[in-house]
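**Q** no FASTA, just this:
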């Protein structure tokens with residue numbers, strides 16, 4: 001074997017060892033891990049012609065390495081056991097107790113009175129009535145919850161971490177504190193350039209004290225050329241879908257998003273292949289109709305457009321302003337809504353982007369909303385440029401646009417009453433859709449649409465967590481789940497606008513103050 005080839009094989013073998021060890025050490029007990037390492041060395045030999053001496057030397061090195069690890073583990077276990085025996089908690093534990101607060105339970109929709117919540121490190125370890133708490137260690141951080149209202153951290157089910165920001169020369173990390181300051185402890189990307197989004201997610205993971213948890217998505221899977229070339233990916237051949245999803249799965253995405261130009265043959269294949277990989281599939285529909293996507297097994301629909309645009313009888317489209325005058329009791333609408341409810345397909349209306357960007361951005365109360373001043377100046381200055389670039393406002397005279405938005409809210413209420421599970425997303429940072437704080441606007445608009453406050457909050461917490469496949473860790477303040485909690489000074493069930501009355505935010509057990517978080521956002 002030529003020298004350079006032998007070096008390449010050796011390098012490859014080292015990479016295999018490193019990758020397999022990193023993967024295995026988190027999945028196996030110690031005894032199995034030693035056996036695994038020895039076995040891996042022999043497996044590598046089958047792909048690289050190594051001498052018996054080289055194999056022996058490699059196995060001996062690995063054995064010595066694991067002997068050292070065994071000693072280290074024994075010391076750590078001894079220390080940990082002593083700490084546990086001495087005071088009931090390991091010495092490195094961080095304990096926080098929110099005492100005697102009211103607690104919103106999204107499972108029942110009720111506000112539970114006089115609850116004490118104890119969080120150890122990043123996990124909720126106790127949720128009890130005030131008289132059932134027991135002894136709390138002296139070093140616990142104690143928060144007086146009397147007169148306060150706790151709820152699970154909000155989850156924004158529709159954000160972009162690259163799109164729009166890239167045009168404004170803003171990076172995703174610059175706006176992440178806005179989400180946490182607004183009580184949004186987790187966000188779901190719904191279509192971004194996957195490498196950049198992954199880096200932002202890693203940044204958020206490294207800075208939990210001022211960033212929300214980030215779940216990533218595929219790029220927008222679209223026709224050729226894609227509508228949004230900065231975050232779109234053209235896929236027009238069903239035969240190439242499997243390889244594409246194999247690649248995207250390696251980026252640990254949670255969601256696959258079909259975009260407006262995708263035709264049914266590709267869309268159906270994306271759904272099938274994504275489901276084989278355990279991925280949630282959602283869509284901003286266009287060429288692919290809602291009726292076909294539902295029949296093909298789509299999991300979710302993004303934007304109220306992805307329902308509304310497919311319940312319009314062809315004969316009414318000749319009438320001026322027909323979108324704002326549409327009769328939503330027509331057979332086309334009734335049939336689609338019933339099918340969405342029957343199949344429990346999630347719908348994420350994103351009313352904020354339709355009101356604030358697409359239909360009514362020129363209304364003073366929206367254009368000058370106090371939330372808008374919170375974003376970096378570069379983004380705020382770019383928003384009017386992007387509105388012109390995208391032809392917004394759309395929909396003709398103001399009166400027609402107002403009627404059209406009212407129809408979107410009417411349809412949202414109809415979906416809710418029919419039993420269609422709703423998600424809560426905003427499409428931030430589209431123009432005048434402020435990261436984090438647009439969630440409060442979205443909740444207000446859902447309630448205006450006929451969704452009771454308790455069900456709007458359930459959608460923004462437990463439903464969103466379930467769509468992410470994270471309902472075992474997120475979505476409610478329950479024992480064993482992550483300590484993502486928002487403490488309010490007023491009851492959101494009395495008035496949904498009270499979700500803005502934030503005293504503190506806890507993200508994975510770390511206490512965050514909104515004023516400190518807002519100070520991290522660049523002014524320009």
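**A** Cool, got the structure. Computed from a prediction, not measured in an experiment: that's the story for all the values here.
**Q** Look at residue 93 and give its secondary structure.
**A** coil (DSSP: H, G, I helix; E, B strand; the rest coil).
**Q** mind listing the strands for the stretch 301-450 of the chain?
**A** 346-348 (DSSP state E, counting those that start in this stretch).
**Q** which residue ranges form the helices in it?
**A** 305-308, 331-343, 351-353, 364-367, 377-389, 398-418, 438-448 (DSSP state H, counting those that start in this stretch).
**Q** just for the stretch 1-150 of the chain, where's the confidence low?
**A** Within the stretch 1-150 of the chain, the segments meeting pLDDT under 70 span 1-92.
**Q** Mind doing that once more with 80?
**A** 1-92, 130-131, 133-134 (pLDDT under 80).
**Q** cool, the stretch 401-524 of the chain as well?
**A** Scanning the stretch 401-524 of the chain for pLDDT under 80 picks out nothing.
**Q** Mean neighbour count and distance to residue 269 for the helices of the stretch 301-450 of the chain - can I get that in JSON lines?
**A** Quick note: C-beta positions are derived from backbone N, CA and C, even for glycine. Putting those into JSON lines (neighbours: other Cβ atoms under 10 Å; distance: least, Cβ to Cβ, whole Å) gives the following:
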{"stretch": "helix 305-308", "mean neighbour count": "23", "distance to residue 269": "19"}
{"stretch": "helix 331-343", "mean neighbour count": "16", "distance to residue 269": "19"}
{"stretch": "helix 351-353", "mean neighbour count": "26", "distance to residue 269": "29"}
{"stretch": "helix 364-367", "mean neighbour count": "12", "distance to residue 269": "40"}
{"stretch": "helix 377-389", "mean neighbour count": "16", "distance to residue 269": "33"}
{"stretch": "helix 398-418", "mean neighbour count": "18", "distance to residue 269": "27"}
{"stretch": "helix 438-448", "mean neighbour count": "24", "distance to residue 269": "32"}
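**Q** For residue 150, find the nearest of those helices.
**A** Nearest of the helices of the stretch 301-450 of the chain to residue 150, taken as Cβ to Cβ: helix 438-448 at 16.7 Å.
**Q** Show the contacting residues for residue 392.
**A** 357, 358, 361, 431 (Cβ atoms under 8 Å, 6 or more residues apart in numbering).
**Q** Just the buried residues out of those, in PyMOL syntax.
**A** In PyMOL, this line selects whichever of these come out buried by 16 or more other Cβ atoms under 10 Å:
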select buried, resi 357+358+361+431
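**Q** Take the helices of the stretch 301-450 of the chain and write them to JSON lines, including distance to residue 321.
**A** Formatted as JSON lines, the helices of the stretch 301-450 of the chain follow (distance: least, Cβ to Cβ, whole Å):
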{"stretch": "helix 305-308", "distance to residue 321": "15"}
{"stretch": "helix 331-343", "distance to residue 321": "18"}
{"stretch": "helix 351-353", "distance to residue 321": "20"}
{"stretch": "helix 364-367", "distance to residue 321": "21"}
{"stretch": "helix 377-389", "distance to residue 321": "22"}
{"stretch": "helix 398-418", "distance to residue 321": "4"}
{"stretch": "helix 438-448", "distance to residue 321": "22"}
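**Q** Look up phi and psi at residue 304.
**A** Main-chain torsions, residue 304, degrees, to the nearest 10: phi -60, psi -20.
**Q** Show the contacting residues for it.
**A** By Cβ under 8 Å, 6+ apart, the contact set of residue 304 is 347, 349, 350, 351, 354, 408, 411, 412.
**Q** before we move on, what about residue 142?
**A** Applying Cβ under 8 Å, 6+ apart, we find residue 142 in contact with 97, 99, 136.
**Q** Please identify which helix or strand holds the second one.
**A** Yep, that's residue 99 we're talking about. strand 95-105 (DSSP states H and E).
**Q** Nearest residue to the middle of the protein?
**A** residue 188 (2.2 Å; Cα atoms, centre = their mean).
**Q** quick check, that one in a strand?
**A** Yes: under three-state DSSP, residue 188 falls within a strand.
**Q** wait, isn't it in contact with residue 466?
**A** No: using Cβ atoms under 8 Å, residue 188 is not in contact with residue 466; the gap is 11.8 Å.
**Q** before we move on, the earlier item: what's the most distant pair in the contacts of residue 392?
**A** Greatest spatial distance in the contacts of residue 392: 358 and 431, 9.2 Å, computed using Cβ to Cβ.
**Q** coming back round to it: filter the contacts of residue 142 to the buried ones?
**A** Applying 16+ other Cβ under 10 Å to the contacts of residue 142 flags 97, 99 as buried.
**Q** tell me which of the contacts of residue 142 is nearest to residue 215?
**A** Ranked by distance to residue 215 (Cβ to Cβ), those are led by residue 97 at 28.9 Å.
**Q** I'd like to know how far that closest one sits from residue 114.
**A** Distance, residue 97 to residue 114, using Cβ to Cβ, to the nearest Å: 14 Å.
**Q** which parts of stretch 96-107 are buried?
**A** Applying 16+ other Cβ under 10 Å to stretch 96-107 flags 96, 97, 98, 99, 100, 101, 102, 103, 104, 105, 106 as buried.
**Q** related to what we said a few turns ago, so for residue 487, which of the helices of the stretch 301-450 of the chain sits nearest?
**A** Using Cβ to Cβ, these put helix 438-448 closest to residue 487, at 15.5 Å.
**Q** Work out the gap between the closest one and the centre of the chain.
**A** Mean-position distance between helix 438-448 and its chain equals 18 Å (Cα atoms, centre = their mean, to the nearest Å).
**Q** which element follows that helix toward the C-terminus?
**A** Using DSSP H and E, the next helix or strand after helix 438-448 towards the C-terminus is helix 453-458.
**Q** contacts for that next one?
**A** 104, 106, 109-110, 151, 416, 422, 424, 443, 446-447, 492-496, 499.
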